[in-house]
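> Pasting a predicted model and its sequence here:
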Amino acid sequence: MRRRDPRRLLERHRRARARVAIVLPESESYAQDGATRSKQVARVTLPRTELDGIWSPEHLERLARSYWHFLERISLGALRVLYGPDSREVVLFGRPLVLLRFRPPEYETAAERGSVTWPIERGLLVAPSGRGRGYLRLTVERAVGTDGAGEVTATVSSEVVSFYPLIAGWGWFSTIGRFIYDQTQLRLHVIVTHAFLRSLANLELEESVVGTLSRERRASPV
């Protein structure tokens with residue numbers, strides 16, 4: 001196994017502006033009709049001034065873009081995210097290998113909470129019964145009653161709800177198929193999601209490709 005360069009580890013630690021703790025165990029479950037649910041959660045502790053500086057709808061959109069950018073980067077470019085006027089597509093190298101197709105994201109913002117939801121439309125990873133059902137959601141919540149505190153903790157979660165994996169199959173094969181899904185696709189998803197959550201320690205968010213919320217912010221009356 002290749003040894004890690006201690007200088008790179010020290011540099012990464014020096015650049016980190018927050019501390020990330022993965023909350024275990026993650027939540028995973030199956031419904032009787034084969035729908036799956038998976039949720040990974042992390043607590044991010046950072047200076048209150050840092051959180052105040054990024055607590056805005058625009059940065060929620062940048063968090064969403066950071067998720068897709070991380071997926072592209074960790075796959076060494078094998079996975080790409082294509083943006084359309086009415087869709088977001090995760091493709092393997094390019095079309096026609098569309099693994100997942102989502103409808104445009106839906107944003108919800110409140111004083112202490114923000115979320116972005118991508119409704120699942122279809123894709124090679126989605127069983128026929130799961131087309132047009134389920135969603136992927138990123139949520140950020142900040143602790144209440146921490147005004148004046150030097151550090152605060154925000155909870156960031158990634159949740160997949162009502163996803164029908166094609167690999168899990170149906171009928172008599174579903175028992176074996178779910179085991180295969182758990183040990184392959186789901187396990188990989190959890191590993192990648194945990195890696196993304198840990199990457200938030202640097203608080204470096206990618207610029208949004210679409211910029212919907214930033215445009216709305218500029219258009220809002222002062």
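Yes, it's here.

> Only C-alpha atoms from now on, for both contacts and neighbour counts.
OK.

> Once you drop chain neighbours, what's closest to Gly77?
Phe93 (7.3 Å; Cα to Cα, 6 or more residues apart in numbering).

> just Tyr83 next, same as before
Closest residue to Tyr83 apart from its sequence neighbours, by Cα to Cα, 6+ apart: Glu89 at 6.7 Å.

> Pull the number of nearby residues for the residue nearest to Gly77.
13 (other Cα atoms under 10 Å).

> OK, contacts around the residue nearest to Tyr83?
Neighbouring residues of Glu89 by Cα atoms under 8 Å, 6 or more residues apart in numbering: 80-83, 98-102.

> now, which of the residues you listed sits nearest Arg73?
Arg80 (9.0 Å; Cα to Cα).

> My reading is that the closest one lies in a helix. Confirm?
No - under DSSP: H, G, I helix; E, B strand; the rest coil, Arg80 falls outside any helix and is assigned strand.

> Which pLDDT value does the model give it?
Arg80 is assigned 95 on the pLDDT scale.

> next one: the one 3 residues further on
Tyr83 is assigned a predicted lDDT (pLDDT) of 91.

> Report whether it is found in a strand, as I expect.
Yes - counting by three-state DSSP, Tyr83 is part of a strand.

> Count the residues that sit near Pro25.
Neighbour tally, Pro25, other Cα under 10 Å: 9.

> Can you give me the separation between it and Trp55?
Using Cα to Cα, to the nearest Å, we find Pro25 at a distance of 27 Å from Trp55.

> for Glu141, same thing?
For Glu141 relative to Trp55 (Cα to Cα), the value is 10 Å.

> cool, Arg48 as well?
Taken as Cα to Cα, the span from Arg48 to Trp55 is 10 Å.
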